[in-house]
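**Student:** Sequence and predicted model, in that order:
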Amino acid sequence: MITYKIGDLFDLEAGYAFKSKDFTDTGIPVLKIKNVKANSIPLHNLSYVEKNFLKTKKDKLARKGDILITMSGNRYDGTKQTWVGKVAEFKHEGLYFINQRVGALRPKPTAEIDISCCSYFLSSGGFQNRFIAIATSSGGQANLSPDQILNEKIALPSIRNQKAIGDILNALDDKIENNRQMNETLEEIAFSIFKSWFVDFDPVQAKVAGNTPAHMDAKTAALFPSSFGDDGLPKSWREEPLYNIATFINGAAYKNMHFCDPKDGLPVIKIAELKYGISSQTKFTNTDLGEKYKISTGEIFFAWSGSPQTSINTFIWPYGNGWLNQHIFAVKENGFASLAYIYFQLKVLNPKFIEIATDKQTTGLGHVTVKDMKEMFIISLPNEVRECFELIANSLFEKIKLNLTKSQTLTELRDTLLPKLMSGEIRLKDAEREMGAAI
């Protein structure tokens, strides 16, 4: 292993300070601090600017192979994820601008390095903590300067071993990404069927027009009415408050006095954990505030408070046992419908939840209350129609849960292998063997 300063190997290109008036609904996407996470750069929830910025700011475009690093962010306060010092390789094609306080590390022509290996090293827990530790604070915000980043030291093996390490970890991340895309497709299938049957009423519309419902066998088609009632619903169908479809249990108010050493307790699941999983910033507790707050793999949760566009959502939990914090509902079956049906119903309604939370937004936060859910009406289906949908939905739901569990296993393996590969504790052949068995 040879130790370098990051600045010996990389130059740092800072992003551009786009003004709020520059952002539009379409155009060239802009990568902001919120879009850079440890080891990943998900391309959703993006902002955009006009294409004419290409004439003057082409040097502020991300390049495939850049290592992006967030140079500002909140310090972790128990509810907010720390954003400063997050690092990920930019692996995407196309035009993407880099916003201010996002830096792009680009290798010097003389540097003998593997980009993927360096990115994984810099995104490791040890480096994340180092970046957080050296960041300076201003008004509660943590900031990294270019000099602080470039003067940090990194120890690298030979270029041959760097490439091998990069290949191993990339293979694990590729499989995790494949599982994510598969789940996206599975959810789209379920949403499409749900919307067609229970929002647009396509089978009923077809029968009213004297046609056979598309993509539906005769037995299933026979379950749907052939006319609409005066209320605009399929005849004999009715509405029911959303709140009736499940039991919603709000989490407990865990406080600093409840937290303990990780080895002595279970993780406290806040909205950050629902979105990002268990991290070095997760709090743990051995305080039992009630058995109803204990959670396990495969349960679903509705985050009802937070930034509407990024926090209000329904999640499947794949990370093992824990304790549920406030601002999140554990969603339990109450005999109305299967957990799969409940999950897809809540996901389909998410745009409405976001709208409700946005209308109530104060100081950046919004919320959806029990009162809102009691006043939101959904279709209360005949049992035979709901059961028909559940035959499809249950299968899709189980596949989604399985993929999440597999991805969690792969993530744990990647995060376990990374420090061992960095330190030389594990041989490359042994790491390849473990990866092969997991995939």
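**Tutor:** Arrived safely, thanks for sending.
**Student:** Only C-alpha atoms from now on, for both contacts and neighbour counts.
**Tutor:** Will do.
**Student:** Show me what the helix or strand that contains residue 412 is packed up against.
**Tutor:** Element membership of residue 412, judged by DSSP states H and E, is helix 383-423. Packed against helix 383-423, as judged by 3 or more C-alpha pairs under 8 Å, 6 or more residues apart in numbering; DSSP states H and E, are the following elements: helix 115-122, helix 159-198, helix 339-348, helix 428-438.
**Student:** Select, out of the ones you listed, the one closest to residue 206.
**Tutor:** Among those, the nearest to residue 206 by C-alpha to C-alpha is helix 159-198 (11.1 Å).
**Student:** Show me what that closest one is packed up against.
**Tutor:** Going by 3+ C-alpha pairs under 8 Å, 6+ apart, helix 159-198 lies up against helix 115-122, helix 202-208, helix 339-348, helix 383-423, helix 428-438.
**Student:** which stretch among the helices and strands packed on helix 383-423 comes nearest residue 246?
**Tutor:** Of all the helices and strands packed on helix 383-423, helix 339-348 sits nearest to residue 246, with 7.3 Å by C-alpha to C-alpha.
**Student:** quick one on the thing from earlier: just the angle for the helix holding residue 412 relative to helix 115-122, thanks.
**Tutor:** Per axes from the mean of the first three to the mean of the last three C-alpha atoms, to 10 degrees, the angle that helix 383-423 makes with helix 115-122 is 90 degrees.
**Student:** would you turn the helices and strands packed on helix 159-198 into TSV with distance to residue 288, mean neighbour count and mean pLDDT?
**Tutor:** Formatted as TSV, the helices and strands packed on helix 159-198 follow (distance: least, C-alpha to C-alpha, whole Å; neighbours: other C-alpha atoms under 10 Å; pLDDT from 0 to 100):
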stretch	distance to residue 288	mean neighbour count	mean pLDDT
helix 115-122	37	24	93
helix 202-208	49	19	95
helix 339-348	26	20	94
helix 383-423	26	17	92
helix 428-438	35	14	82
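**Student:** distance between the helix holding residue 412 and the chain's centre?
**Tutor:** 13 Å (C-alpha atoms, centre = their mean, to the nearest Å).
**Student:** what number of residues lie near the nearest residue to residue 396 once chain neighbours are set aside?
**Tutor:** In this structure, residue 396 finds its nearest non-sequential neighbour in residue 186, 6.1 Å apart by C-alpha to C-alpha, 6 or more residues apart in numbering. Residue 186 is flanked by 18 other residues according to other C-alpha atoms under 10 Å.
**Student:** any idea how far residue 186 is from residue 411?
**Tutor:** According to C-alpha to C-alpha, to the nearest Å, residue 186 and residue 411 sit 21 Å apart.
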